[in-house]
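> Predicted structure and sequence below. I'll ask about it afterward.
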Amino acid sequence: MAKVKWSEINSERLRGRNFWEMYAYDNTSWGWKMILKNRSLLRNHIVYRLVDGMNTSALYDNWHIAGPLSSFISYRDAYDEDFSIKSKVFDVVVNGDWNWPMELVEKYPVLVSTPAPILSNNRRDKILWKKKSGRAVDFSVSEVFHTLSDDCDDVKWAGVVWFSQNIPRHSFILWLAIKNRLKTQDKFDWVEGNNPKCVFCNLQSDSHNHLFFECSYSKKVWREMKIVANFDGVPDSWDSIVDWCENVNWNRAISSVVQRLVLGASVYFIWLERNLRIFQGKKRNVSDLCSIIKNVVRARLIGLKILRTDKALEVAKVWNFCLNEGLNEYNSKQRWIMTEDCLMFVDETICLNVCDSSWYKYGGLRYWASFY
C-alpha cells in the first residue's frame, strides 16, 4: 500500500482548509470520498493534547471538554462575531486566560466553563486516540481496529491458519477454504455452459467438501500426508477437519507446527493442481504431488530454529534434515534457491517440476522451479 505524506494531502486536497470541514464534491475521487464519508466514525476518537496550541484548530479539532466546537458554533456565528474559522487554540488563550469574543461567550457559556489550558512553546500539540473506555492513548492501527471493530468471540480455528512459522500463501488459501470462499465450480451453476464436474474424477460436482478430501485423487494425497504428519484419527471430510481444528490446542511444539504446515500445503497444492488442470491442461499424479508437498514443508522446517528435544529429533528424522543446522553441508545437497521470480528446489536425485514435467539443468544439478 502506497504511503502518502499528509503535507501532500494538505496541498492537493485540503489547500489550507480543515479536514473536518471538507465537502465531498461529485468530481472527487472515490477513495477521497470514502475517507470523507467515514469521518463520523473517527470524529469523537481523535483528540488533542495541548502543548503550544499552535497546531490545533480552535473550532474544528476535538480539544475542548465540550467536544469539537464546530458541532454547535456555526460558520454564521463565527462570522457575526468576527471570529476566524482558521483560529488556533493559541489565538484564544492569552497569558493563561480565555480570549473568546464576548458575544460568543454570552451565547455559549460552555466556552469558559473550564480554566484555560496552560500552553508552552517547547513542544507541539499531540494527536491521541480515544478508546471506547474513554482513555486517550498514542495512535496506532491496532488501537483503531479494536475500537472500531465489533466485539466478537475469537475464531477457534485461527491458530491452524495464522502462526509465525506458516507459509503465507498457504495460510491465505487455507483461510479461504475454511471460510468456503474458494471459487469452486459449484459457485458458477448460473453460468451457461459451465462444467460443474470435478476436474480430478469427473464424477461429482466441484465443491469444497468434494475437493477436500472426498475426491479419490485428493483423498489419496491427504491420507499419505496424514501418515507423515502423524494425523492420527483426523477425518477425511472437510467439515469434520475444520471442527477437529477448532478443538486442538495449537502451540509452538514442533509436531504442532508440522501438522499445520502439512494441512496448509495439502490444501494449497491440491487447489493449485486443480487450477493447473483447468486452465493449463497440466497434470501430476498423486506421488509427484505428495513429493512436492513434503519437499516444501521440509524446506520450511530447515529454515526454523528448533529446540533440540527427543520429539524434534524424531521429526527431523522423519522429514530427513539436520536439526538446527540450516543449509549445512548435508542439507545443501537438497536445497532451495530463491531467485527474483521463482523458488527452486535443487536435488542430485529428486527432480520434480511444480508447473510441468520439464527437466532443467543448474550447475550440473537438476531442479524444479515453483513459480508463485
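Structure received.
> Need the contact partners of stretch 181-191.
173, 176, 194-198, 205-208, 211, 271 (C-beta atoms under 8 Å, 6 or more residues apart in numbering). C-beta here means a position set from N, CA and C on the backbone, and glycine is covered the same way.
> If we use 7 Å, what do you get?
176, 194-196, 205-208, 211, 271 (C-beta atoms under 7 Å, 6 or more residues apart in numbering).
> The nearest residue to residue 214 once chain neighbours are set aside: how many residues sit nearby?
Nearest residue to residue 214 in three dimensions, chain neighbours excluded: residue 237, at 6.7 Å (C-beta to C-beta, 6 or more residues apart in numbering). Using other C-beta atoms under 10 Å, residue 237 has 14 neighbouring residues.
> Looking at the protein, which helix is longest?
Scanning the chain for the longest helix, with DSSP state H as the assignment, gives helix 254-279.
> can you map out the strands along the chain?
46-49, 93-94, 97-98, 126-130, 136-138, 334-338, 343-347, 366-370 (DSSP state E).
> Of these, which shows the lowest average pLDDT?
Lowest mean pLDDT within those: strand 366-370, a mean of 39.
> Any idea how far stretch 304-312 is from the middle of the chain?
29 Å (C-alpha atoms, centre = their mean, to the nearest Å).
> Apart from its chain neighbours, what residue comes closest to residue 230?
Among residues not flanking residue 230 along the chain, residue 255 sits closest, at 6.6 Å (C-beta to C-beta, 6+ apart).
> The one you found: how many residues sit nearby?
Residue 255 has 14 neighbours, counted by other C-beta under 10 Å.
> next one: residue 152
6.
> again, but for the one 4 residues further on
Number of residues near residue 156 (other C-beta under 10 Å) recorded here: 13.
> residue contacts, it?
residue 246.
> ok, now how distant is it from residue 58?
50 Å (C-beta to C-beta, to the nearest Å).
> Okay, helices next: where are they in the stretch 1-150 of the chain?
Secondary structure of the stretch 1-150 of the chain (DSSP state H, counting those that start in this stretch): helices located at 6-9, 30-37, 39-42, 75-80, 89-92, 102-107, 141-148.
> now the second one: how far from the chain's centre is it?
Helix 30-37 has its average C-alpha position 22 Å from the chain's average C-alpha position, going by C-alpha atoms, centre = their mean.
> again, but for the third one
Averaging C-alpha positions (C-alpha atoms, centre = their mean) puts helix 39-42 23 Å from its chain's average.
> How about the fourth one?
For helix 75-80, the separation from the chain centroid amounts to 46 Å (computed by C-alpha atoms, centre = their mean).
> What mean pLDDT does that helix get?
On average, helix 75-80 scores 88.
> low-confidence ranges in the stretch 201-350 of the chain?
Scanning the stretch 201-350 of the chain for pLDDT under 70 picks out 324-350.
> Tell me where it has helices.
Under DSSP H, counting those that start in this stretch, the stretch 201-350 of the chain gives helices at 208-209, 216-228, 238-246, 254-279, 286-302, 310-319.
> Turn those into a markdown table, including distance to residue 29.
Shown next, in a markdown table, are the helices of the stretch 201-350 of the chain (distance: least, C-beta to C-beta, whole Å):
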| stretch | distance to residue 29 |
| --- | --- |
| helix 208-209 | 38 |
| helix 216-228 | 45 |
| helix 238-246 | 41 |
| helix 254-279 | 34 |
| helix 286-302 | 42 |
| helix 310-319 | 51 |
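> So which of those is nearest residue 105?
helix 238-246 (61.1 Å; C-beta to C-beta).
> returning to what we had before: quick one: buried residues of the longest helix of the chain?
For helix 254-279, burial by neighbour count (16 or more other C-beta atoms under 10 Å) applies to 254, 256-274, 276.
> the inter-axis angle of it versus helix 238-246?
Helix 254-279 and helix 238-246 are oriented at 150 degrees to each other (axes from the mean of the first three to the mean of the last three C-alpha atoms, to 10 degrees).
> for helix 254-279, packing partners?
Applying 3 or more C-beta pairs under 7 Å, 6 or more residues apart in numbering; DSSP states H and E, one finds that helix 254-279 contacts helix 168-178, helix 216-228, helix 286-302, helix 310-319.
> Now render those helices as TSV, adding mean neighbour count and distance to residue 186.
Output for the helices and strands packed on helix 254-279, formatted as TSV (neighbours: other C-beta atoms under 10 Å; distance: least, C-beta to C-beta, whole Å):
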stretch	mean neighbour count	distance to residue 186
helix 168-178	19	14
helix 216-228	19	15
helix 286-302	20	23
helix 310-319	15	36
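> can you list these in TSV and add distance to residue 132?
Shown next, in TSV, are the helices and strands packed on helix 254-279 (distance: least, C-beta to C-beta, whole Å):
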stretch	distance to residue 132
helix 168-178	28
helix 216-228	44
helix 286-302	39
helix 310-319	43
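> So which of these is nearest residue 135?
Using C-beta to C-beta, the helices and strands packed on helix 254-279 put helix 168-178 closest to residue 135, at 32.8 Å.
> just checking, what packs against that closest one?
Looks like helix 168-178 contacts helix 158-161, helix 254-279 (3+ C-beta pairs under 7 Å, 6+ apart).
> Mind putting these into TSV with distance to residue 91?
Shown next, in TSV, are the helices and strands packed on helix 168-178 (distance: least, C-beta to C-beta, whole Å):
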stretch	distance to residue 91
helix 158-161	51
helix 254-279	59
